[in-house]
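In: Please find the sequence and the predicted model below.
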Amino acid sequence: MTSHNKITLGISSCLLGEKVRFDGNHKLDHYIKQTLGEIFDYQSVCPEVGIGLGVPRPTIHLVGPPETARAVGVKDDSLDVTDDLIRFAHKTAPRLKHISGYIFKSKSPSCGMERVKLYSKGGGNVKGIGLYAREIMAHNPLLPCEEEGRLNDLPLRDNFLERVFAYRRWQELNSHRISAKGLQDFHMRYKLTLMAHSPVDYRALGQLVSNTKAKPIRELADQYIAQFMPAMKKMATVKKHINVLHHVMGYLKQQLSSEDKQELLELIEGYRKGLVPRMVPVVLLQHHFRNHPNEYMSRQHYLYPSPEEWKVRGFF
């Protein structure tokens, strides 16, 4: 992942400032376009424009129960674009194999990833999923997806971005014929990260890659990533991060002076109390590993993310 080979994300066109909304306006998100735009390329899609609805256009909403909701006109329910949106998603999804994540427009009857209001005769506060977003996520359930509003929540944003970088690395691994060595190396580099997200999945995935002769490597790799990506979606916690940091310290127990160990312990405790961000003890650990090299630790994405990842993630 170098500066001349940006990661590409799918995105709802209106979030980039494109005037494709029903009223002829946009929903420009400056953080997405400017800050994340320095790191990512975007493939913008507006499914409502894609199916031939004009700008401006009649508004649509979702009507019915979540499983069978239909996208119909707000003022004229004879306008039914349900099948058009689903067909457009089925046509578009194969063209998005190169993307490493997707940012959807929240609350949209076509693009909302969750909590989209459903209207029914019985009333009630029922929520659903935008029809286009639903089909895109079903086509690739491993693809990291998020809504623009939820990116204002730092833990959710960090989780999404971490998954994007992880999925991109998996795509790069699969751009060539995958091997047992490649799969094991991928897992090794994500061991500490998995420990911070889900120790249970960390152990299960370790067992999975420990015997690459048990089944064909392609089948094993598919089974691995099918568990890896959901594991990464589980939120890392301060407690689990602290366990990882103490685990990493164990690799320096013979090299560090008592004063250096105490300094690290104090910073880790400061992180636990919310006084310093996690990057502070991580940077100090990097410093000590420069003085006391450890090949295993030098390959951990947890300690050594890419420069692009350092730039956009919070590491709070």
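Out: Yep, it's here. Only a predicted model underlies this, so the values are computations on that prediction, with no experimental measurement involved.

In: switch to C-alpha atoms for all contacts and neighbour counts from now on
Out: OK.

In: quick one: low-confidence parts of the stretch 101-250 of the chain?
Out: By pLDDT under 70, the low-scoring segments of the stretch 101-250 of the chain are 121-124.

In: Just to be sure, residue 118 is in a strand?
Out: Yes - Residue 118 sits within a strand when classified using DSSP: H, G, I helix; E, B strand; the rest coil.

In: pretty sure it contacts residue 63?
Out: Yes - counting by Cα atoms under 8 Å, residue 118 touches residue 63, with 5.5 Å between them.

In: which residues are common contacts for these two?
Out: Shared contacts of residue 118 and residue 63 (Cα atoms under 8 Å, 6 or more residues apart in numbering): residue 69.

In: Okay, and residue 114 sits in which element?
Out: Using DSSP states H and E, residue 114 sits in no helix or strand.

In: I figured it hits residue 126, correct?
Out: No - taking contacts as Cα under 8 Å, residue 114 lies outside contact range of residue 126: 11.0 Å.

In: which of these two has more neighbours?
Out: Of the pair residue 114 and residue 126, residue 114 is the one with more neighbours under other Cα atoms under 10 Å, namely 19 against 14.

In: Disregarding flanking residues, what is the spatial nearest neighbour of that one?
Out: residue 129 (4.8 Å; Cα to Cα, 6 or more residues apart in numbering).

In: Give me the neighbour count for the one you found.
Out: So residue 129, with other Cα under 10 Å, has 25 neighbours.

In: Is it in contact with residue 116, as I believe?
Out: Yes - contact criterion Cα under 8 Å: residue 129 and residue 116 qualify, at 5.6 Å.

In: check contacts around the residue positioned nearest the centre of the chain.
Out: Nearest to the mean C-alpha position of the chain, by Cα atoms, centre = their mean, lies residue 160 at 3.1 Å. Contacts for residue 160 (Cα under 8 Å, 6+ apart) come out as 144, 145, 146, 233.

In: and the third one, what does it touch?
Out: Neighbour list for residue 146: 102, 103, 104, 113, 160 [criterion: Cα under 8 Å, 6+ apart].

In: Surely it is within a strand?
Out: Yes - applying three-state DSSP, one finds residue 146 inside a strand.

In: What distance do you get for it to residue 174?
Out: 24 Å (Cα to Cα, to the nearest Å).

In: Also the last one?
Out: When Cα to Cα is the yardstick, residue 233 and residue 174 sit 21 Å from each other.

In: now the first one
Out: For residue 144, the distance to residue 174 under the criterion Cα to Cα works out to 17 Å.

In: More neighbours: which of these two?
Out: Counted by other Cα under 10 Å, residue 144 and residue 174 do not tie: residue 144 has more neighbours, with 26 against 15.

In: Please name the residues that touch the more buried one.
Out: Applying Cα under 8 Å, 6+ apart, the residues contacting residue 144 are 100, 101, 102, 160, 163, 164, 167.

In: Can you report how many residues neighbour the last one?
Out: The local packing count at residue 167 equals 22, with neighbours defined by other Cα under 10 Å.

In: Going by secondary structure, the closest residue to it other than its chain neighbours is in what exactly?
Out: Of all residues beyond its chain neighbours, the one nearest residue 167 is residue 100 (6.1 Å), with distances taken as Cα to Cα, 6+ apart. Following DSSP H and E, there is no helix or strand that holds residue 100.

In: Pretty sure residue 100 sits against residue 11.
Out: No - using Cα under 8 Å as the test, residue 100 is too far from residue 11 to be in contact (11.1 Å).
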